[in-house]
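Engineer: only geometry, no sequence info:
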């Protein structure tokens, strides 16, 4: 494989990547195995197609690592524009599969541009933020950065694919790393807290809690802390948010949205309707025990009790057939990969490289958090794939490109 | 600080995930059960229940197929309901009601629409089945009785109740289990082992093939055929003789302990408790508080044994060396024992020694013997316990340990018992206080099977095998140690000779001399037991019970029998006649004394049983 400027590719990341896609394929094989077991590479079956996708990914990896690192930096804007065009083109040429117009169709294969928009956006954001003239502490620059992130997200939402749009929240991590005020973090987290608390205890009690916190802060009289005006504004906005969340939840959300939250919050138990997926997924994982039932021996998996098991719910197969040891292994692999990538990102001297790295980490992390959180029943049902694991060519290639551009960039770090 | 945020977030997420996974997979085991419930279907394959034969190989119980009409509501297609209802003799409303019920139970799982079709209903329906999609016929196996007697011996089978399901993991709701009799005691032999198939299901509850290629599946194992020690011919004959009477007959083969007959009257046809008829018929039998047809009198009824018990006192007297066969006691219409009390006796010559004492059943003779036994010891307590120990060796006052699903211990009092009722040592008691034991009245209680076993033991001159009803399993004789080990009594063999002779004398010249059978020598003993009931809280005496115990032939007994007829006046009148007919039937195969047979068959005691219920004053023993 090509080397550039002395530094080698990060084999730790590459080995974890290989482990994840191979283990992922083994589980897809089990989850999509019909009553008739054909060849491993039966292209009529998901596991056969996925084998092809994996093969093509390796090919893709070789290409990515062969291209000059500077290419990605130089052409980031163009890649970004092409990506936006491909998203916009869906409104005209898109193919609708199970209600979502997310695909371009090529015979029996489809391409999902939203999977490729992630790395394109990451490149564009890195390019903009690393520009000498950009200052992340300036509001107008913050707005511009926000627009870069928001355009693809806005194009994706109406497909409809709100899950994939949610992933763009991942770009908060590189922004924060590069100096975005912690105010946004506090504001964001407060908003999430207010939102969840409102659903659990209602807006009146939330207002009481906010008022008490505000009063305590008022009388602490800390010099370093925020001013009285800011505290008051914050408190009032929180209360208003709480009431509007309540209003939106009750009057704007459709019942299916409300159900998704209520199930995670434990307010409702509905194992036949919307809760069916989560319930079946928990049964499958829970029945795995310490060591699991063995590869292709999962009774829940064989009975296809968990819907979408080879795609979004692939982790439930791991849980059932490989038990706690297998599923903990997958969690360790992901956490290991993410932490390793932080190490890589932090050793970059070029800001572009680091921002891109943080974007990769953020995107992978959000997928990991939302997908496994959903499958084990601690996160609302949001349909996004588990990177390198879930069935799907576009997804696999999107994540492969995302990761390997960074590995290529990392290998190029010594050229400065 | 800015570098740490992602580290902390990622690590926290990892830890939360691991915690949640640990909870779901290792701590909370409820998911495993729910997974079994919805992914694996268990199908049982029921084997044929074993057949039951009598000792001569005559088939008593076999199986018959029965057909249930089942429905899976989801698979129903429109069909000709009029034709369907006509075939099954069902109203349209009934059908709709049944289908609605099935739908409520489950649209996907089978429900029974009409249980247990007859063969002819099945034959007609079977041709038309293809027109009725969603319906199918499930074959079950029911008992088919080849005999109309022995219901008490055989028992019956019925669906398991919730308690059995909870206690015994073998059974699931809807399974059949033997209840009462041999069906219950030998349930595990008869039922076989059901086969099991594990089927992997998908989320639409469809079968998608065997679970793990069937490595956990098993084939059904047919139930074992069993041969009973019962003689079906004798059983049938005894049942006929006991018609219109209440009581029990137990006959044993003395040199093996095999139970030849076990009859209770009144009884019922075992076929009454099969299939759809079972439930209403069982309720009817169960609610018959007066005649109690479900109560096995041969095993459960504890009666004062009366005079047959005297033979045991004679044996104990000889063994304890307190009496000689030549010792004679005088009797003046009874035995006076202080303060003007007297144990009455009937008119006979006096004084009598042992053999005529037994033959004449003299109460005074046995009162003397009994007193000598008890008073041989320094205290009445020790005497009583010595007496009790001899009787226990005959299997009395305790469960026999036979392979019958039910039984009673009877009662033989001991010193502890009398100490308690007389409040010893505040008050003392003496042999005379317990004198009714001398003649088998009072505190002594025995069941008919214990009486029969007593006769067998005397016939064997001092030992018995535990009575049992199982002879062969799948044609192989049983080798149960319990039934092939002699129980030896505390009485030496030589002491039995005069007692057997006395019992033979009963038949030759004594109280049973009217029962003689040409060519058969019987040793027997009549018994007449007073009995009481309560009417409106008052103790009222009823007509005496009629008891007879015997064994024959005297020298080499082939049958020992006890017959107990409630309110049968006196020993010879009903029980004696029935016993002698039974012995003749068993030993000769034919009845020479047809007049005696006719007398028994034509005489009913129903009037006697109606007396205490009539509410009118009545006269007993008449």
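Structural biologist: That came in fine, so what should we check first? The structure displayed is predicted, hence computed values, not measured ones.

Engineer: where along the stretch 201-350 of chain B do the helices fall?
Structural biologist: Here the stretch 201-350 of chain B has its helices, by DSSP state H, counting those that start in this stretch, at B:232-241, B:278-287, B:297-300, B:310-319.

Engineer: what's the answer for the stretch 251-400 of chain A, then?
Structural biologist: Using DSSP H, counting those that start in this stretch, helices in the stretch 251-400 of chain A cover A:255-264, A:276-286, A:299-302, A:314-346, A:351-375, A:393-411.

Engineer: which intervals of chain B have sub-threshold pLDDT?
Structural biologist: Applying pLDDT under 70 to chain B picks out residues B:1, B:30-41, B:108-109, B:173-174, B:203-206, B:212-216, B:622.

Engineer: Can you pull the domain assignment for it?
Structural biologist: B:30-50+B:193-221, B:51-192+B:222-228, B:232-614 (automatic domain parsing).

Engineer: just so I know, which of the helices of the stretch 201-350 of chain B lies nearest residue B:540?
Structural biologist: helix B:297-300 (21.0 Å; CB to CB). From N, CA and C alone the C-beta is placed, and that goes for glycine too.

Engineer: which residues sit against the closest one?
Structural biologist: When contacts are defined by CB atoms under 8 Å, 6 or more residues apart in numbering or on different chains, helix B:297-300 is touched by residues B:152, B:246-250, B:262-265, B:404, B:406-408, B:447-449, B:564, B:566.

Engineer: Give me the buried subset of those.
Structural biologist: If you count burial by 16 or more other CB atoms under 10 Å in any protein chain shown, the buried members of these come out as B:152, B:246-250, B:262-265, B:404, B:407-408, B:447-449, B:564, B:566.

Engineer: I'd like the helices of the stretch 201-350 of chain B as a markdown table, with distance to residue A:64 and mean neighbour count appended.
Structural biologist: Putting the helices of the stretch 201-350 of chain B into a markdown table (distance: least, CB to CB, whole Å; neighbours: other CB atoms under 10 Å in any protein chain shown) gives the following:
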| stretch | distance to residue A:64 | mean neighbour count |
| --- | --- | --- |
| helix B:232-241 | 92 | 21 |
| helix B:278-287 | 78 | 13 |
| helix B:297-300 | 91 | 24 |
| helix B:310-319 | 106 | 24 |
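
Engineer: which among the buried ones among the contacts of helix B:297-300 are in contact with chain A?
Structural biologist: With CB under 8 Å from any CB of the partner chain as the criterion, those include none near chain A.

Engineer: Of those residues, which belong to strands?
Structural biologist: Among the buried ones among the contacts of helix B:297-300, DSSP state E puts B:247, B:248, B:249, B:250, B:262, B:263, B:264, B:265, B:564 in strands.

Engineer: Identify, from those, the entry nearest to chain A.
Structural biologist: Nearest to chain A among those: residue B:262, at 51.4 Å, using CB to the nearest CB.

Engineer: Report the contact partners of the closest one.
Structural biologist: When contacts are taken as CB under 8 Å, 6+ apart, residue B:262 is in contact with B:150, B:152-153, B:230, B:235, B:248-250, B:296, B:298-299, B:404, B:449, B:469.

Engineer: Parallel or antiparallel, list what pairs with the longest strand anywhere in chain B.
Structural biologist: When chain B is parsed with DSSP E, its longest strand is strand B:538-552. Using DSSP bridges, the strands paired with strand B:538-552 are strand B:523-535 (antiparallel), strand B:559-565 (antiparallel).

Engineer: any chance of these in JSON lines, plus distance to residue A:14?
Structural biologist: Below are the strands paired with strand B:538-552 laid out as JSON lines (distance: least, CB to CB, whole Å):
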{"stretch": "strand B:523-535", "distance to residue A:14": "97"}
{"stretch": "strand B:559-565", "distance to residue A:14": "94"}
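
Engineer: Out of those strands, which is the most enclosed?
Structural biologist: strand B:559-565 (a mean of 31; mean count of other CB atoms under 10 Å in any protein chain shown).

Engineer: Now the stretch 251-400 of chain B against chain A: closest residue?
Structural biologist: residue B:279 (36.7 Å).

Engineer: isn't residue A:103 right next to residue A:87, touching?
Structural biologist: No. Using CB atoms under 8 Å as the test, residue A:103 is too far from residue A:87 to be in contact (11.9 Å).
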